[in-house]
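K.L.:
Structure for this input, please:
(one chain, ligands or ions: 2)
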Amino acid sequence: MSATAGHGLNLAQLEAVNHLGGPCLVLAGAGSGKTRVITHKIGRLIQAGLAADRIAAITFTNKAAAEMRERAKQLVGRDARKVLVCTFHALGVRLLREDGEVLGLKKNFSILDTDDITSMLKDCGGTTDANTARGWQWAISALKSAGLNSAQALAQAKDENERVTATIMARYEERLTAYQSVDFDDLISLPLKLLTEHLDVRERWQKKMGHVLVDEYQDTNATQYELLKLLVGERARFTAVGDDDQSIYGWRGATLDNLKRLPQDFPELKVIKLEQNYRSTSAILRAANNVIGPNPKLFPKTLWSDLGEGEPVRVVDADNEEHEAERAVARIQSLRASSQHKEFRDFAILYRANHMARPFEQSLRRAQIPYKVSGGQSFFDKAEIRDLCAWLRLLVNNDDDPAFLRSATTPKRGIGHTTLQQLGNFATQYKLSLFEALFSHSLGTALPARAVATLHEFGRAVNDLEYRARHTVGHEAARAFLTEWLKDIAYEKHLYDNEDNEKVAAARWTNVMDFCDWVAGRCGGKIEDDAGVQVETERKTLLEVVQTIALISTLSEREQDQNVVTLSTLHASKGLEWPHVMLVGVNEGLLPFKMDEESNRDASPESLAQRLQEERRLMYVGITRAQRTLAVSWLKRRKKGRESVPGQASRFIKEMALDENTVKEDPREKLRALRAEFAQRATDQAALKAAETP
Ligand SMILES: Nc1ncnc2c1ncn2[C@@H]1O[C@H](COP(=O)(O)OP(=O)(O)OP(=O)(O)O)[C@@H](O)[C@H]1O
Ligand SMILES: [Mg+2]
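P.N.:
Ligands and ions are numbered 1, 2, ... in the order given. A predicted model of the protein is given here:
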């Protein structure tokens, strides 16, 4: 990529990049360089004299944010580090950490994760059933996204079910306040409240925000849009880029209305369209256009590419899931032998739902092909990492009760269930957090002396850790601190004691070590950069670093460089691209998801039509991830529960091939793949030998 902002852009992209004043919307199809416009515009704004810390770029995922930060750095150098590149939620955290106090929120509030919320809701609703609790979680989240609190929800409840949800929501709200915690929805709704109700805070932020850029604008929801409007104020210095055909988060409250409202709310809005696609071959683009064709057009647009016709899209009919996975692996091997793009990272297998990854993982393992599953269980969801995070969260916010409960019992330190229950009752009675209750003078009246003593010991350990974390600066000190702490709590022993399989325990311990390296690395100091040069980065205390950790959901920065095949859900693939893409499980019932009469007896024709439109957009997103080759496979028989039932190719496959550019794969493919695999192995071995010979 060129080193200056603006190089490597076409005229329409340049126009968007150079429109520095008022509001700007770039509306364009997949792969037309919308994200590139955002990165270059960051550079252009800095060139034009805007301080980097007055620019905010909002992306859809943490991973996308990391990638954008990296690209901006290549473009404008170190200054890019000061640009606030983050998701809407991370922006919300920033706002609340800086100004949440006027809402009664302590600076060190904690952010609950899904599991914390489930267990809190189990408590609030008096159930032990996780599914019931998760149901409430969805319902409450939907109410919050619509801007309602429990009182409003109760007032408009239509049946007993909704009344119960509202009552549980009220208890849940109380606990959140008591524990100084927020959930993910709050990260948008509380900043919104903050900026709406506090004029001085609003004015300060509006002055600070010199320009706000938003990627994937079509997937913002109503509250995010309101937040954006409040942030940019009357001056409306913002750039939004998006594609109405890629709106795939309707189920999470995203709404295309935001696209429609933009020109109404900002009459001076400059709308720019991009039509050249730089990502895919013509064959792939045609297939994509055919699939999205039947959807109603919000904004008409034509996409073209001059990357040539390319290979026809392949349609693969697989006997069943295992066979489909084998075919995918065979395809990877055959393409590695014949294509210019033969790195493992050049391949992606995309599917509708997480659970569909399993057979592909198994086949890839068997073929010894390295892969990663993105959009599935992330590093931070692993039990051992959650254990450590709970401790760290407790250091940041002593009142974080879920973190208290987890760290007080992991590893076991003689604090039993009964003790915790008694402590909980005591805390509720006096409206204290568990940690506050622990140090209360009258605790002895409610609990036996021995229990109080073990609790005190735990409390002192936490205080001591907190004190030391506050005074630990730089990565070396942080690493030493973490090592010592793990020894203190005997965490390695805990892992081996609780795991029958030693290999698994060892893998968990490696994860723990990785995590510590990563946390320590963030504390700054003298480090080697990518080129092996010693540089001095800003030193931070361990406590400061820990404060930001609750929100990070993946080790995205690291994953980027891995040379592995990607397995991903279609939703998580948004915005990304690979030379070779395989869409799998493209069956009626899976993609589109359950459109048959039986499953939709109660659905209105409108809601059904809307669902089909969103499914179509999902397929469009999948197709347009491919740069050079695309294969789409479907199952002749598929598993449904424990049964195997006949499968049918998705209607999208037939629609894709309207102009007969699609070729059916034949069984010879497999033979060719085998031959290719042998050839590749021979080449690999030769290369290995050559590398070993001095
Ligand atoms: N003017 C250009 N010249 C050459 N390559 C370009 C140009 N603009 C974009 N590209 C390349 O085209 C590809 C797609 O760009 P980008 O990811 O920005 O598209 P997008 O519109 O954001 O796609 P999506 O809708 O999938 O998010 C990238 O590899 C990018 O580097
Ligand atoms: Mg993009």
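
K.L.:
which residues does the closest residue in space to residue 357 that isn't next to it in sequence contact?
P.N.:
Once flanking residues are discounted, residue 357 sits nearest to residue 567: 4.9 Å by Cβ to Cβ, 6 or more residues apart in numbering. C-beta coordinates here come from the backbone N, C-alpha and C atoms, glycine included. Going by Cβ atoms under 8 Å, 6 or more residues apart in numbering, residue 567 touches 348, 349, 351, 357, 360, 361, 364, 371, 372, 373, 374, 376.

K.L.:
partners of the second one in the sheet?
P.N.:
So that's residue 349. Taking DSSP bridges as the rule, residue 349 bridges to residue 567, residue 582.

K.L.:
That one: neighbour count?
P.N.:
31 (other Cβ atoms under 10 Å).

K.L.:
Can you tell me how far it is from residue 340?
P.N.:
Applying Cβ to Cβ, to the nearest Å, the value for residue 349 to residue 340 is 20 Å.

K.L.:
now do residue 234
P.N.:
51 Å.

K.L.:
and what of residue 59?
P.N.:
Residue 59 is 30 Å from residue 340, by Cβ to Cβ.

K.L.:
Between these two, which is the more surrounded one?
P.N.:
Taking neighbours as other Cβ under 10 Å, residue 59 and residue 340 compare with residue 59 leading, 24 against 8.

K.L.:
Which residue lies closest in space to the more buried one, excluding its sequence neighbours?
P.N.:
In space, residue 59 is closest to residue 65, 4.5 Å off (Cβ to Cβ, 6+ apart).

K.L.:
Point me to the residue of this structure nearest ligand 1.
P.N.:
residue 33 (2.8 Å; Cβ to the nearest ligand atom).

K.L.:
Isn't that residue up against residue 272?
P.N.:
No - taking contacts as Cβ atoms under 8 Å, residue 33 lies outside contact range of residue 272: 11.3 Å.

K.L.:
More neighbours: the two, which one.
P.N.:
In this view residue 33 and residue 272 are compared by other Cβ under 10 Å, and residue 33 has more residues nearby, 23 against 20.

K.L.:
tell me the contacts of the more buried one?
P.N.:
Neighbours of residue 33 in contact, by Cβ under 8 Å, 6+ apart: 9, 10, 13, 274, 276, 278.

K.L.:
quick one, what contacts the fifth one?
P.N.:
Which is residue 276. Neighbours of residue 276 in contact, by Cβ under 8 Å, 6+ apart: 10, 32, 33, 303, 304, 305, 306.

K.L.:
same question, the fourth one
P.N.:
Listed by Cβ under 8 Å, 6+ apart, the contact partners of residue 274 are 10, 12, 13, 16, 26, 28, 29, 32, 33, 34, 37.

K.L.:
Go again with 10 Å.
P.N.:
9-13, 15-16, 26-29, 31-34, 36-37, 241, 243, 301, 303 (Cβ atoms under 10 Å, 6 or more residues apart in numbering).

K.L.:
same question, the first one
P.N.:
Shown in contact with residue 9 (Cβ under 10 Å, 6+ apart): 2, 15, 16, 17, 18, 33, 36, 37, 40, 41, 44, 274.

K.L.:
Ok, residue 368 next?
P.N.:
So residue 368 contacts nothing (Cβ under 10 Å, 6+ apart).

K.L.:
Can you report phi and psi for it?
P.N.:
Backbone torsions of residue 368, given as degrees, to the nearest 10, read phi 60, psi 40.

K.L.:
do the same with the one 3 residues further on
P.N.:
Main-chain dihedrals, residue 371, degrees, to the nearest 10: phi -150, psi 170.

K.L.:
Also residue 370?
P.N.:
Dihedral pair for residue 370: phi -70, psi 140, per degrees, to the nearest 10.

K.L.:
Name the nearest residue to it, sequence neighbours excluded.
P.N.:
Nearest to residue 370 is residue 564, by Cβ to Cβ, 6+ apart, at 4.2 Å.

K.L.:
quick one: pLDDT of the one you found?
P.N.:
pLDDT for residue 564: 90.

K.L.:
what does the stretch 151-300 of the chain have sitting close to ligand 1?
P.N.:
Those residues of the stretch 151-300 of the chain that sit near ligand 1, judged by Cβ under 6 Å from any ligand atom, are 243, 246, 278, 279.

K.L.:
Spell out which parts of the chain neighbour ligand 1.
P.N.:
So the chain meets ligand 1 at 8-10, 13, 28, 30-36, 243, 246, 278-279, 575, 577, 624 (Cβ under 6 Å from any ligand atom).

K.L.:
Leaving out the residues flanking it, which one is nearest to residue 144?
P.N.:
Nearest one to residue 144, counting by Cβ to Cβ, 6+ apart, is residue 185 at 3.9 Å.

K.L.:
Residue 433 too?
P.N.:
What sits nearest to residue 433 in space, not counting adjacent residues and going by Cβ to Cβ, 6+ apart, is residue 399, at 3.7 Å.

K.L.:
neighbours of the spatially closest residue to residue 205 that is not a sequence neighbour, just the number please.
P.N.:
What sits nearest to residue 205 in space, not counting adjacent residues and going by Cβ to Cβ, 6+ apart, is residue 231, at 6.0 Å. Number of residues near residue 231 (other Cβ under 10 Å) recorded here: 21.

K.L.:
same deal with residue 640?
P.N.:
10.

K.L.:
In this structure, which residue sits nearest ligand 2?
P.N.:
Closest residue of the chain to ligand 2, Cβ to the ion: residue 35 (3.3 Å).

K.L.:
Run through the residues that contact that residue.
P.N.:
26, 59, 64, 67, 68, 71, 215, 216, 241, 575, 576.

K.L.:
Isn't residue 139 up against residue 163?
P.N.:
No - counting by Cβ atoms under 10 Å, residue 139 stays clear of residue 163, with 11.7 Å between them.

K.L.:
Out of those two, name the residue with the larger neighbour count.
P.N.:
Between residue 139 and residue 163, residue 139 has the larger neighbour count (other Cβ under 10 Å), namely 18 against 13.

K.L.:
Three-state assignment for that one, please.
P.N.:
In three-state terms, and counting by DSSP: H, G, I helix; E, B strand; the rest coil, residue 139 is helix.

K.L.:
coming back round to it: common neighbours of residue 139 and residue 163, please.
P.N.:
Common neighbours of residue 139 and residue 163 (Cβ under 10 Å, 6+ apart) are residue 153.

K.L.:
low-confidence ranges in the chain?
P.N.:
Low-confidence segments of the chain, defined by pLDDT under 70: 1-6, 108, 251-254, 375-381, 528-533, 548-561, 658-694.

K.L.:
Return the residue of it that is most distant from the centre.
P.N.:
The centre of the chain is farthest from one residue, residue 445, which by Cα atoms, centre = their mean lies 46.7 Å away.

K.L.:
would that one count as being in a strand?
P.N.:
No - under three-state DSSP, residue 445 falls outside any strand and is assigned helix.

K.L.:
Hmm, residue 426 and it touching each other?
P.N.:
Yes - contact criterion Cβ under 10 Å: residue 445 and residue 426 qualify, at 8.8 Å.

K.L.:
Show me which residues of the chain sit near ligand 2.
P.N.:
For the chain, the residues in contact with ligand 2 (Cβ under 5 Å from the ion) are 34, 35, 575.

K.L.:
Quickly note the distance from the residue nearest to residue 144 to residue 500.
P.N.:
Residue 185 is 39 Å from residue 500, by Cβ to Cβ.

K.L.:
ok, the two, which is more surrounded?
P.N.:
Per other Cβ under 10 Å, whichever of residue 185 and residue 500 has more neighbours is residue 185, with 18 against 7.

K.L.:
how about that one, what does it touch?
P.N.:
Going by Cβ under 10 Å, 6+ apart, residue 185 touches 89, 92, 140, 141, 142, 143, 144, 145, 223, 253.
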